[in-house]
Each structure stands twice: as structure tokens, then as C-alpha cells.
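Trainee: Make a model of this:
(one chain, ligands or ions: 4)
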Amino acid sequence: MKKELVIVIDFGGQYNQLVARRVRECNVYCEIYSYKTDIEKIKAMNPKGIILTGGPNSCYEADSPTYKKELFELGIPVLGLCYGAQLMTHVLGGKVESAPVREYGKTEVLIDKKDSKIFEGVSEKTICWMSHFDYISQIAPGFEITAHTADCPVAAAENTEAGLYAIQYHPEVLHTAEGTKMLSNFVLGVCGCAGDWKMDAFVENTIQEIREKVGDGRVLLALSGGVDSSVAAGLLSRAIGKQLTCVFVDHGLLRKDEGDEVEGVFGPNGQFDLNFIRVNAQQRYYDKLAGVTEPEAKRKIIGEEFIRIFEEEAKKIGAVDFLAQGTIYPDVVESGLGGESGVIKSHHNVGGLPEHVDFKDIIEPLRDLFKDEVRKAGLELGIPERLVFRQPFPGPGLGIRIIGEVTEEKVKIVQDADAIYREEIANAGLDKNINQYFAALTNMRSVGVMGDERTYDYAVALRAVTTVDFMTAEAAEIPYDVLNKVMSRIINEVKGVNRVFYDLTSKPPGTIEFE
Ligand SMILES: Nc1ncnc2c1ncn2[C@@H]1O[C@H](COP(=O)(O)OP(=O)(O)OP(=O)(O)O)[C@@H](O)[C@H]1O
Ligand SMILES: O=c1[nH]c(=O)c2[nH+]cn([C@@H]3O[C@H](COP(=O)(O)O)[C@@H](O)[C@H]3O)c2[nH]1
Ligand SMILES: NC(=O)CC[C@H](N)C(=O)O
Ligand SMILES: [Mg+2]
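Mentor: Residues are numbered from 1 along each chain as shown. Ligands and ions are numbered 1, 2, ... in the order given. So this is what the prediction gives:
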């Protein structure tokens, strides 16, 4: 079964992931590609629709991102959003200029063409999210204006005959009250997608694809016991059974008792029928990380050691062709490989991979999914809810929750503090409402007084966030008495700590982890 595909062409906008999400919420599969992607490649994928994203540039400037005119002549419907709308206009002979009045934030849009397919079921006056300083001063030949605002004569325009639609605002953000409706009108109404891409189809198709790719070869899965690799294990084991071996690395940067817990679930006495190997590599990691302080350097070392261990294990098993990982879409984007977005941090399993990897190929069945979609796939596969809804834990583990140099002593401190924090969050019944929470060790030491004596000890930072997709997040509002209890237990029970902070920062501008 060939799935319907809508392509998002990325011009560097901030909300590009959201565009892809909204399309998927219409049950249509969607992928993001850079504007540098060759038109032949785009044609070969045979998409049912193309969406051009926003972007920071001005399309009339010489070296701004652009696309060939041919893109608009493929007979495939194209929707341009903000920069995308301006670029479409510019390339097709209209005019884009610096706007006399910029628009930013919630803005009332007045629909001029009530029977436009994009505005089916949309109110005549509707609140939309604007973010632009350029504007379309003259539409391209063949287009008509379909909406305007008080300050912007072209809030939307279209050339229905050519299947081209331009929208100046951002329908993908939830501040645009009826934006989801407009995008679904494009995807289902204009492009004619059936909207039958669902998780059961994803699971069945992926199992089929894995079987075809692997044949009678062998696969080594990097299994952390986290959500993503557990779901990947579920898929792979359904697809190829005992041709799969799962390797779990205890790098000495796991949470307190986590190594034994993972072994308990996936090992020989656990609930899955898997080939499972636990590698104890604690000392090896501490040695490699000694003296290293720079976050990206730490990530690269941890990522590289993972691969070297997998290679060694593969040799012991013999004739392993494929390395499988539980990589998901946000790992790819943040590592700067998902399009035009900058590198935020190199996830150990993507941007942190060493240049040479001793496997024929890498299998990443979840590479195109967001976290909540991975969870849906997990439930579809019958993976226990307790595993599916676990909070994520990053592969580099406490290595990126200890700011600066990692030592065994610091690992012990952060493990103990984190265990107390998690216990108290669970006692307060907050664990279901907070999507990720953990203790981190700041590299800061300060003076305190305990039992009439001077102390000069570390400060622990508590982090807790609510988020849907881990791309953006808010600091969770934890009741003060809970925080207070955690603070007092950490200071009393964990040696080497004399201060506790609560991190209030949202993402952006912070990230969830500290490094
Ligand atoms: N300790 C580990 N041993 C083996 N593989 C690991 C380990 N930690 C991470 N990996 C590999 O790196 C991938 C990415 O790690 P990541 O933490 O993003 O995912 P996860 O652990 O599977 O799920 P979660 O995000 O819920 O923690 C994992 O899916 C897994 O393939
Ligand atoms: O497997 C992983 N390898 C990594 O290198 C990594 N870095 C961050 N994370 C997790 O990704 C989510 C977003 O984290 P940030 O806001 O810190 O980028 C959060 O859930 C983080 O825990 C990682 N997971
Ligand atoms: N959000 C956007 O895509 C902005 C497009 C363009 N840079 C403008 O300001 O008009
Ligand atoms: Mg993990």
C-alpha cells in the first residue's frame, strides 16, 4: 500500500514542525524537506500537495532562499505560508516589498472570497496569527485576493485553476483560531487526500518494510528501556523475531537503580521474549569523560562510545548487518538534520554518531514520528502502558545533567537527589501531569552553614516541564510545599549538596536538558 504524502518545504521558519503535525492530524503522512531539495527528488516522491513554510528572509533580496518556478507548474497543489506565500508571489511575477505597517500577533482577518476552498466552514471574520514585516503589494497574474486585514491588503490569495494558494498568516499555530480547519481544507479539500494514514497502518507498513530490508540478516537494536527503543523493539521483534538482539549499555550515567530495572523488564526473567545483552561500561565512560567540560564534546564522546560498544557486541554475535535505534523526529531536527533549522544539540544517536560506523546500514523505524505518535504506535503494538508513558530519559543520561566535568562522585550526587525528587513527585500524585522532571547538578559550589559549620558544596537544580511534543515546553507549577519537602530531603540526605534551585525557564528560550 502506497501512502499519501504531503511535502513541507522548509525555508527556515520557526513553526515548520507544527505544519507537519497539523497535516498528520488530518491523518495524512507528511515529511519536511529543505528548500535545497532537488525538484526531481520531489517529483519522484509523487506528493499530493506541497506546503512552503515561513522564513526569516525577504524573498526579494539577492541571496534569499528560493525555489524554481517549475515547482508551481507540476500540477500539484501548493500552499505558501508567510515567506512561502511571498516567495510564490515573487517567483510568479507579483510584487513583495517591505510593509508600511508590520503585523505581529493575533490579527482580525476578513474573508473576501467566501466560497474559497481554503475557507470552507471558516467564519467571515477570523483571528489569525501574523508575524511579518514584508507584504504582498501586488498579487501574481492569475491570482485573486481572498482575504485582507486592516493593514494588509493581501492576507490570502489564490489561483484556483493552477492550484496555488498563498496565506500571509500562520494557520499552523493554535493562535490562529480556525487555522487547523484551513490546513485541513487544503490537504483534504484541495489536494484530495483521503486521510487514511493511521497508527495501525503505520505499524503494519513498517513491519513489512523491516522484513523486506532485513531479509534473513541479523539486527542489533540499541535498547535503553526508554519509550522509543522499547517501541522499536516491539516493531522489530514482530517483524523479524529472533534475528534481533537487543543491547543495553549501562554507561554509569543512568538514574539510580535503572540498570537493574531495565534488565528486569527486558532480560531473561522479564516479560518479553528477546535476545537481550547488558553491557556494563561504567568505568569506560568515566575514563573517556574525565576532564571534558564542553557539552557538545561530551555528547560526541558518549555517542561514539555507544557505537563502539555496539560494534564490539556485533562481532561477538557474528554476522550482524544492521544497527537499529529508537531515533525519533525531534532528535533529527535538533541535531540540525531535519531541514533548515540550526543545530541546537547533537543527539547522541543522530548528530553525535561517529563518521565511520561498522554496520551495513542503520534501521530507525520511528525516525519520522513525534513522541506522542510513538506512544500511539506502542499502544497499537500492545506494549505495556507503564513503559509507553514513561518519561523520556536522554541517551547521554546524567552526562548532560551534570554541568561541566562528569565524575563518579557527581553522578552519585545527582542520582540520589533525582531519586528523592521523583519519589516526592510521585507521592504528591503529580507524576502523570508533568511530562518530564529530573534533578541536575549545577557546576556551582557555594557557601552555606549546616550544624554550625561552614559548608562549600554543590547546588542541585530541579527541572519539571509540561509539553506535548518536547519541542516547546513550560516549567510545571509544582506546589510550594512539595518543592520545599524535596529541597529539605535533598539537603539532609545527599552529601555534598547545600542548595536547591527550581528552574522556571520555558523552552524556548531554555531547553529541557541543561546541556
Ligand atoms: N543506555 C543505552 N543503551 C543502548 N542504547 C541506548 C541507550 N540509551 C540510548 N540508546 C539508543 O539511543 C536512542 C535514543 O535515545 P532516547 O533516549 O532518545 O530514546 P529512548 O531511550 O528509546 O526513549 P526515551 O526518549 O523515552 O528515553 C534509543 O532509542 C536507543 O536506540
Ligand atoms: O536520546 C536523547 N539523546 C540526546 O542526546 C538528547 N538530548 C535531549 N534529549 C531529550 O529530548 C527532549 C528535548 O530535550 P532538549 O529540550 O534538552 O533538547 C527531552 O525529552 C530530552 O530529555 C535527548 N534524548
Ligand atoms: N514569518 C515569516 O515567514 C516572515 C516572512 C518575511 N521574512 C517577513 O517578515 O515578511
Ligand atoms: Mg532514553
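
Trainee: what about the residue most central in space within the chain, is that helix, strand or coil?
Mentor: Against the mean C-alpha coordinate of the chain, by Cα atoms, centre = their mean, the closest residue is residue 330 at 1.9 Å. Here residue 330 is helix, with the state taken from DSSP: H, G, I helix; E, B strand; the rest coil.

Trainee: wouldn't it be in contact with residue 473 here?
Mentor: No - at 11.5 Å, residue 330 does not count as touching residue 473 under the criterion of Cβ atoms under 8 Å. From N, CA and C alone the C-beta is placed, and that goes for glycine too.

Trainee: Look at the residue of the stretch 51-200 of the chain found nearest ligand 3 and report its pLDDT.
Mentor: Minimum separation of the stretch 51-200 of the chain from ligand 3 (Cβ to the nearest ligand atom) falls at residue 54, amounting to 2.7 Å. The model reports residue 54 with a pLDDT of 95.

Trainee: for the one 3 residues further on, same thing?
Mentor: Confidence at residue 57, expressed as pLDDT, is 94.

Trainee: Pop the domain breakdown of this protein in here.
Mentor: By the record's domain assignment, the chain is partitioned as 3-188, 197-387, 406-501 (the TED database).

Trainee: Just the CA atoms of stretch 268-287, as PDB, please.
Mentor: Presented in PDB, the C-alpha positions along stretch 268-287 are these (Å, rounded to 0.1, in the frame of the first residue of the first chain):
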ATOM      1  CA  PRO A 268      15.800 -13.400  30.700                       C
ATOM      2  CA  ASN A 269      13.400 -13.100  33.700                       C
ATOM      3  CA  GLY A 270      11.400 -10.300  32.100                       C
ATOM      4  CA  GLN A 271       8.200 -10.200  30.200                       C
ATOM      5  CA  PHE A 272       9.500 -10.100  26.600                       C
ATOM      6  CA  ASP A 273      10.900 -13.000  24.600                       C
ATOM      7  CA  LEU A 274      14.000 -11.200  23.300                       C
ATOM      8  CA  ASN A 275      17.700 -11.800  22.900                       C
ATOM      9  CA  PHE A 276      19.000  -9.300  25.500                       C
ATOM     10  CA  ILE A 277      22.500  -8.300  26.400                       C
ATOM     11  CA  ARG A 278      23.500  -5.900  29.100                       C
ATOM     12  CA  VAL A 279      27.000  -4.300  28.800                       C
ATOM     13  CA  ASN A 280      28.500  -2.800  31.900                       C
ATOM     14  CA  ALA A 281      30.600   0.000  30.700                       C
ATOM     15  CA  GLN A 282      30.600   2.400  33.600                       C
ATOM     16  CA  GLN A 283      34.300   2.800  34.100                       C
ATOM     17  CA  ARG A 284      35.000   3.000  30.400                       C
ATOM     18  CA  TYR A 285      32.700   6.100  30.200                       C
ATOM     19  CA  TYR A 286      34.100   7.800  33.300                       C
ATOM     20  CA  ASP A 287      37.600   7.400  31.900                       C
END
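
Trainee: Please identify the buried residues of it?
Mentor: Neighbour-count burial for stretch 268-287, counted by 16 or more other Cβ atoms under 10 Å, picks out 274-279, 281-282, 284-286.

Trainee: Give me the mean pLDDT for that stretch.
Mentor: Averaging pLDDT along stretch 268-287 gives 94.

Trainee: How far does it sit from its chain's centre?
Mentor: In terms of Cα atoms, centre = their mean, to the nearest Å, the centre of stretch 268-287 is set 27 Å apart from its chain centre.

Trainee: Could you grab the helix/strand/coil label for whichever residue of the stretch 201-350 of the chain sits closest to ligand 2?
Mentor: Per Cβ to the nearest ligand atom, residue 347 is where the stretch 201-350 of the chain lies closest to ligand 2, at 3.8 Å. Three-state assignment for residue 347 (three-state DSSP): coil.

Trainee: And for residue 440?
Mentor: strand.

Trainee: Which residues are in contact with it?
Mentor: Residue 440 sits next to 401-403, 414, 460-463, 513-514 when contact means Cβ atoms under 8 Å, 6 or more residues apart in numbering.

Trainee: Around ligand 2, which positions in the stretch 351-500 of the chain sit nearby?
Mentor: Contacts of the stretch 351-500 of the chain with ligand 2, taken as Cβ under 6 Å from any ligand atom, map to 392, 394-396, 436, 470.

Trainee: same thing but at 5 Å, please
Mentor: Near ligand 2, the residues belonging to the stretch 351-500 of the chain are 392, 394-396, 470 when assessed by Cβ under 5 Å from any ligand atom.
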